[in-house]
Structures are given as structure tokens and as C-alpha cells.
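Q: 3D, please:
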Amino acid sequence: MNPTTRISFPRISGRGLLPWLLVVMAAPASAARPNVLFIAVDDLRPQLGCYGESWIQSPNLDRLAQSGLRFDRAYCQQAICMSSRASLLSGYRPDHGRIYNNGPLFEHVPDALTLNQHFLNHGYETVSLGKIYHHGGDKKQGWSRPAWQPEGDWSGRGYLAEASRREVARYEKQNPGAKRQGMGPAFEAPEVDDEAYADGKIATRAIGELRRLAKGGDDGGTPFFLAVGFMKPHLPFNAPRRYWDLYDPRKIPLAPQRSTPKGAPKPARTGWGELRGYQGMPRSGAMPADSERELIHGYAACVSYVDAMIGRVLDELEKLGLEDDTIVVLWGDHGFKLGDLGMWCKHTNFERDTRVPLIVRAPGMKARGKSTPALTELVDLYPTLCELAGLELPGHLEGTSFAPLLDDPSREWKSAAFSQYPRGSVMGYTMRTRDHRYTEWRKLKGGEVVARELYDHRADPEEADNLAGDPKSGARLKEFAARLRAGPQAARPPWR
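A: Down below sits the predicted model:
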């Protein structure tokens, strides 16, 4: 195999062509290296059976957790699709190149050496299915073949039922030029099969790719990096009826904290415009209680639907005899509020938005079926996968490989995880420690701190009470402000 035939040379890391060629020529394109099955799920909360949510039906993700390591305190770097994914896949935190501005990665960082490109450079066959990157232009870089997206009988954001299409047309006619017009209903539950929606088609395509790759792929036995990006439970909450029927609507719990945090500054909140743009949703004000339960029901149905699709892919991996030779990574790009703190969707620095599900299974790991309380971040995935696959770590990486946790999940680890979210003229920088969340809202020009938040997770796990205004918090605020300023580098384990 000659990897250079599939490389876009301008995307090479910037350290010169000759050193790169020497690395690629020295890297054995051998099946002895582990494969990687890289599974992304859009808007998935760590609200699964394996995370202690017994009412959620997620048997396949629970099964994966039983054979891998479950990360109980994993955090994204920004609670929005594009920036979270761009950060993870580039190895940079959002401030680098202003990735936080939500545009394509390669417009922000033109010379980015991405995770998939790095694996391609080292002899892997890299394949992208579904939603991995957010923007179309980013999908063109670093893959052995063109990134694949599903096609089907839906319009807009995945609507299927004829009644939904009629509603969209009616809304467009009645509201010409309206913002987010034509979004259709926020949920539906038609009597259709799994492949009526995108995730069913993605699962089927992933199974086909696994069968092809098991036979040696395009180049006869090279290891693979197969990225499979599922689209649910992202809005609209559409799933085949049988997944809705898994739940009794009368027993669906509402969010435990349904009012805005006491003392939270205005930039900390969101008006959840993403949801308000859908049919039947209030254009302002609070969500009616009956609608809350119906939306949570739809979200849960979508979780069970995507869980079933992931189960199909994991079953095929096992049937093909690839399970023992493949690293499996399951991650969500950010959390999602379901009425929590009186809000919906993501787009904040609160725990519900920044905390994500993360499950990793690797050949030879010792901590199978266990969990870890170690603070970890999605930006850590790039160096971790490199270490597990025996690839050199590019010098630009801003995360820390958590590979040692796969053998010793209780060892001392990072002292904090960091996220951020822009809000107009200010940036909210937040730091999650073992017991607290501390946030500063700083002006983008000049860096002046205009507001602070402090939540004590020992007494207030739902972040209902901002303690930053409490005179008793003075010493703690000073300590956390210094730690936030010191940044991620100072929070790393000293031996990494």
C-alpha cells in the first residue's frame, strides 16, 4: 500500500514533507495494529441504564459498558455540535483559531492535522459514515474515500410522516420569511421500520463497511478507522413507534430542577431558540408541563432507537471476529437539557450541557466492566487513540491521553476539566473540579471579568444556586479564579 496516494499534501502538519514521509514509510501498514470503531452520537446525555438511569432502555450501550470502561466525568469543550466535534477531531481547544465561532474547522485552522488524517497518514483505511464533522467542507479531508451521508424519504431535519410535511408547508405559507421557518413538529412516532430514518440507514451502511473491511478493505489487510456518526437523539425527536412504546408516558420523570439557577448571570442562560423554532413549541415563556413530558418521551424513544442501531453494528463486529482486534469508542458531542434549570437544548456551560457519555473498550485493557470518576475531556480522545494504536502523538495536541485509566481507573488524574461558551461580546470559561463548577464571563476584548458562577456539587448537584455572590465564598472564588487562569496545562497529571 502507498499511503501518499490518498493524502492532501497541504493538510500535512506543517513540519515539512520529508520528516512526514519518513514517518509514514517507517510506520508498518499491518493488521497487527488495532482497528478503531469510532461511534459518535448527537445530543446524547449520559442518561443511560449504565449511568444509573434505570428507566431509560439502552441495553446495547449498557452491554458495551460492561465490556469497556465507562467514564463518569467526561466533558466536552463547547456545548454545540460544530465546535465540540472540531475540537475533538483537531486536538485543539476552542480558543485555537477561534473554533468557538461555529464555522468549518478548516476555515478556522487551515493547517489542522486531524485525528482521521493522522490515522490515514499512518497506513489506516479511514471511513466516515453519517455525522462526524458538522460542516460539509470539513468532511472532505482525511478519508480514504468520500464521506458518506444517508439519503431517504424525509425532508428538512428528518421528517417522514405526510402529516408533518403538510404542517411544514402550511407554516411556510402562513409565515413567509419567518426565522427557522419550516422546522415542522418537534417529534413524531410513525409506524415505520428502522431504515425509514437516517440512523437505520447509517447502521446498515456501517455493517456493510465492516464486512468489506473484514476482508481487507481497499488495500488488502490494512487496519481501519471506521467513524460512524448517528444523528439521534438530536431534534426533532422522531423515532419509529415501537421505541416510543417502550415507555409508559405516566412514568416518565421530569427534570429534578426546573427553575433557573438562583443568582445566575444573564449570559449563563439560554432562550432555547433551537426548540422554539419547531411546530407547536411556545415562541416565548416556559414550556407547558404536558409538553415537557411528551418531549422527554420523544427524547427517550430516540435514545432507545439509536441504541438499537448501535447494537446492530456491535453485533456485526462480533460476528466478523473483529471484536478482540478493535478499539471501540462511544462518545456524545455534548449534553442536552430537557427542562433542566428551566431551559432546553444545549448552548450553556452548565453540567447538563458539558457532561457527556464516554465508553471505551480496547484490546488488552484490564478495567473491563468498570467505571472511572477521573475528570476527562473529549479533547483527550485524539492522544488516547494514538497511544492505544501505537502512533506518534502530534506536537500540537492540547489534550492528555487517558490510556492509563483503561488499566487503573481509580488512579489520580486531572484536577479539572475545562469548557467554554461564547455569548455575544463575552466568553464564559468554566472549570469542573471534583466537587465544584466555577465559571467566569469575560469580555472578548480586554478579558475583563463581568460575572462569576460557583456551584457546589456536593450539596447542589443540579447547579440550582450560584454561590459566587455569597460573602462566605470569597476565599474559594480567589482559589478557583487562579486555577482557571492557570488553565488546562496546570490541571494535567504531573507525570503525563
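Q: Helices of the protein, start to end?
A: In the chain, the helices defined using DSSP state H lie at 17-26, 59-67, 81-90, 105-108, 115-121, 162-174, 198-214, 241-244, 273-276, 289-319, 351-354, 381-389, 474-491.
Q: Show me the residue sitting in the middle of the protein in space.
A: Nearest to the centroid of the C-alpha atoms of the chain, with distances taken as Cα atoms, centre = their mean, sits Asp333, at 1.1 Å.
Q: Tell me, how many residues neighbour the nearest residue in space to it that is not next to it in sequence?
A: Leaving aside its sequence neighbours, Asp333 sits nearest to Ser84 (Cβ to Cβ, 6 or more residues apart in numbering; 4.5 Å). Glycine gets a C-beta too; all of them are placed from N, C-alpha and C. Neighbour count for Ser84, taken as other Cβ atoms under 10 Å: 27.
Q: surely Ser84 meets Ser90?
A: No. With contact defined as Cβ atoms under 8 Å, Ser84 does not count as touching Ser90 (11.2 Å).
Q: give me every residue that touches Gln77.
A: The contact partners of Gln77, by Cβ atoms under 8 Å, 6 or more residues apart in numbering, come to 83-84, 87-88, 93-94, 377-379, 418-420.
Q: likewise Pro394?
A: 13, 91, 113, 118, 386.
Q: The second one and Leu129, how far apart?
A: Meaning Gly91. 22 Å (Cβ to Cβ, to the nearest Å).
Q: what sits against the residue nearest to Asp333?
A: Here Ser84 is in contact with 76-78, 333-334, 378 (criterion: Cβ under 8 Å, 6+ apart).
Q: So which of those residues belong to strands?
A: Among those, no member is found in strands (DSSP state E).
Q: Throw these into a markdown table and include pLDDT, thanks.
A: Listed next are the contacts of Ser84 as a markdown table, based on pLDDT from 0 to 100:
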| residue | pLDDT |
| --- | --- |
| Cys76 | 98 |
| Gln77 | 98 |
| Gln78 | 98 |
| Asp333 | 98 |
| His334 | 98 |
| Leu378 | 98 |
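Q: Distance to Gln141 added to those residues, as JSON lines?
A: Shown next, in JSON lines, are the contacts of Ser84 (distance: Cβ to Cβ, whole Å):
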{"residue": "Cys76", "distance to Gln141": "22"}
{"residue": "Gln77", "distance to Gln141": "20"}
{"residue": "Gln78", "distance to Gln141": "21"}
{"residue": "Asp333", "distance to Gln141": "19"}
{"residue": "His334", "distance to Gln141": "23"}
{"residue": "Leu378", "distance to Gln141": "19"}
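Q: which among these gets closest to Gly424?
A: Among the contacts of Ser84, Gln78 lies closest to Gly424 (Cβ to Cβ), at 15.3 Å.
Q: Compute the number of surrounding residues for that closest one.
A: Gln78 has 30 nearby residues by other Cβ under 10 Å.
Q: pLDDT score for the closest residue to it other than its chain neighbours?
A: Once flanking residues are discounted, Gln78 sits nearest to Pro94: 4.9 Å by Cβ to Cβ, 6+ apart. pLDDT for Pro94: 98.
Q: Likewise for the one 4 residues further on?
A: At Arg98, the pLDDT value in this model is 97.
Q: And the one 10 residues further on, by the same measure?
A: The per-residue pLDDT reported for His108 equals 95.
Q: between Gly91 and Leu129, who's got more neighbours?
A: Gly91 (25 against 22).
Q: what sits against that one?
A: 113-115, 379, 382-383, 394, 396-399.
Q: which among these gets closest to Asp460?
A: Val379 (27.0 Å).
Q: Chain neighbours aside, what residue packs nearest to the closest one?
A: Gly399 (3.7 Å).
Q: Surely that neighbour is in contact with Pro383?
A: Yes. If you go by Cβ under 8 Å, Gly399 and Pro383 touch, sitting 5.4 Å apart.
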